[in-house]
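Asker: Give me coordinates for this.
(one chain, ligands or ions: 1)
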Amino acid sequence: MKYIILFILIIGGKALAFANHHKPVSDTVSTSQILLDTEGKPINAHGAGVLYHEGVYYLFGEIKKGKTWLVPGQNWEDYRVPAGGVSCYSSTDLKHWKNRGVALKVVTNDTSSELDTGRVIERPKVIYNATTKKFVMWLHSDKNDYRASKGGVAVSDKPWGPYRYLGSVKPNGQMLRDMTLFKDDDGKAYLIYSSEENSTMHVCLLSADYLKPTKTYSRILIKENRESPAIFKHNGKYFLVTSGCSGWSPNAADYAIADHIMGPWTQQGNPCKGLNAGSTFSAQGAFILPVYGKPGDFIFMGDIWNKTDLEKSAYLWLPIHVNGDKVEIHNSK
Ligand code: GAL
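Answerer: Predicted structure coming up:
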């Protein structure tokens, strides 16, 4: 009897170990909370993006620090918190994040500078240019009323920075608000952003050094009013998860698919399933992270905004399930 129990325990243990081993990485890092870094301090990296480089994941995000205030005279919930620049954290397992300091620093009391704490610095994303050997950061640069609507660009020799700010641009004279950055398998890179007063998204090919927009761009999701683009590619297809436009308040996500990044893109509906799917489980997407070495394993990274105290905003990381053209994100609860 003793041996039978021992046998069952061993086999059971092996089965469990096997199950854990085969669990997608995205499953094991899913979370909905304030994340802590390796020093036990809250991770301050909102509207985040992740770069994978030489075995290390680098997480970049907006540093939100200070008192939240409401910009007067706006007809929407224009809550603001001082821009703290762009943070950087690194990890090799997507669970333990080491604070690598401020990748892009801000300045104070210089309203002429786009890096002043009184400006908007949002949704930073970083990619590596293998030819120039530079790390290139793009971000949404704006004024408090969001009327400037520009893409800011910065470079560094090291992934964690310091990044040197090169200035900002309206690609092809068009507005750029919520944005993301995508480097394709062929090394070409694209900016994807809400344009035309947030009514239509644009996909713009960047120059070979990734520092400038080119004239090659397309209008996608025309008049669909989408924000917070998060893109990934799987089995040669492109997937783009977006939110609706309701400021810091959550709304329903949608995803579109395309065979070519320039389109045509077709909307497929809300990928979220389960309780609170209609509000993206209280979150808004920021990035979709492909887990390195695990094809098909993706993490949806979103923000749970606390609009009246933005510094206290939390995160939602969930696995994405992809099956052919179908994408699903399930409530972890
Ligand atoms: C959201 C956007 C955020 C931020 C906010 C300002 O819709 O996704 O990045 O810009 O509006 O209210």
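Asker: Could you use CA atoms for every contact and neighbour count after this?
Answerer: OK.
Asker: and the closest residue to the ligand within the chain, how far is that from residue 137?
Answerer: Taking Cα to the nearest ligand atom as the measure, the point where the chain comes nearest the ligand is residue 247, at 3.7 Å. Here the distance between residue 247 and residue 137 works out to 24 Å (Cα to Cα, to the nearest Å).
Asker: Next: residue 88.
Answerer: Relative to residue 137, residue 88 is positioned 12 Å away (criterion: Cα to Cα).
Asker: Next: residue 217.
Answerer: Separation of residue 217 from residue 137 (Cα to Cα): 19 Å.
Asker: neighbour-wise, which of the two wins?
Answerer: residue 137 (27 against 18; other Cα atoms under 10 Å).
Asker: Write out the residues of this protein neighbouring the ligand.
Answerer: Proximity of the chain to the ligand is assessed by Cα under 6 Å from any ligand atom, with 78, 178, 227-228, 245-248 identified as the residues in range.
Asker: Buried ones only from the residues you listed, please, as a ChimeraX command.
Answerer: Selecting in ChimeraX just the buried members of the residues of the chain next to the ligand, where the criterion is 16 or more other Cα atoms under 10 Å, is done with this command:
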select :78,178,227,228,245,248
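Asker: Now intersect the residues of the chain next to the ligand with the strands, please.
Answerer: Of those, the ones assigned to strands by DSSP state E are 227-228.
Asker: And the residues of the chain next to the ligand, which is closest to residue 143?
Answerer: The shortest separation between residue 143 and any of these is 11.3 Å, and it belongs to residue 78 (by Cα to Cα).
Asker: Return the residues in contact with the closest one.
Answerer: Taking Cα atoms under 8 Å, 6 or more residues apart in numbering as the definition of contact, the neighbours of residue 78 are 70-71, 144-145, 247.
Asker: Also residue 226?
Answerer: 194, 198-201, 242-245.
Asker: quick one: contacts for the residue of the chain closest to the ligand?
Answerer: If a contact means Cα under 8 Å, 6+ apart, then residue 247 has 76-78 as its contacts.
Asker: One more: residue 256?
Answerer: With contacts defined as Cα under 8 Å, 6+ apart, the neighbours of residue 256 are 239-241, 265-269.
Asker: Look at stretch 31-43 and report the distance between its end residues.
Answerer: Calculated as Cα to Cα, the first-to-last residue distance of stretch 31-43 is 13 Å.
Asker: any residues touching that stretch, and which ones?
Answerer: Counting by Cα under 8 Å, 6+ apart, the neighbours of stretch 31-43 from elsewhere in the structure are 96-99, 313-318.
Asker: Would you show me how to pick out the buried ones of these in ChimeraX?
Answerer: Once 16+ other Cα under 10 Å is used to decide burial, the buried members of the contacts of stretch 31-43 can be selected in ChimeraX as follows:
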select :97,98,99,313,314,315,316,317,318
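Asker: Helices along the protein, start to end?
Answerer: If you assign secondary structure with DSSP state H, the helices in the chain sit at 2-22, 25-28.
Asker: How about residues contacting the shortest one?
Answerer: This means helix 25-28. Among residues not part of helix 25-28, those counted as contacts by Cα under 8 Å, 6+ apart are 291, 297-299, 318-320.
Asker: Return the set of buried residues in stretch 261-275.
Answerer: Going by neighbour count (16+ other Cα under 10 Å), the buried part of stretch 261-275 is 261-263, 265, 267-268, 270-272.
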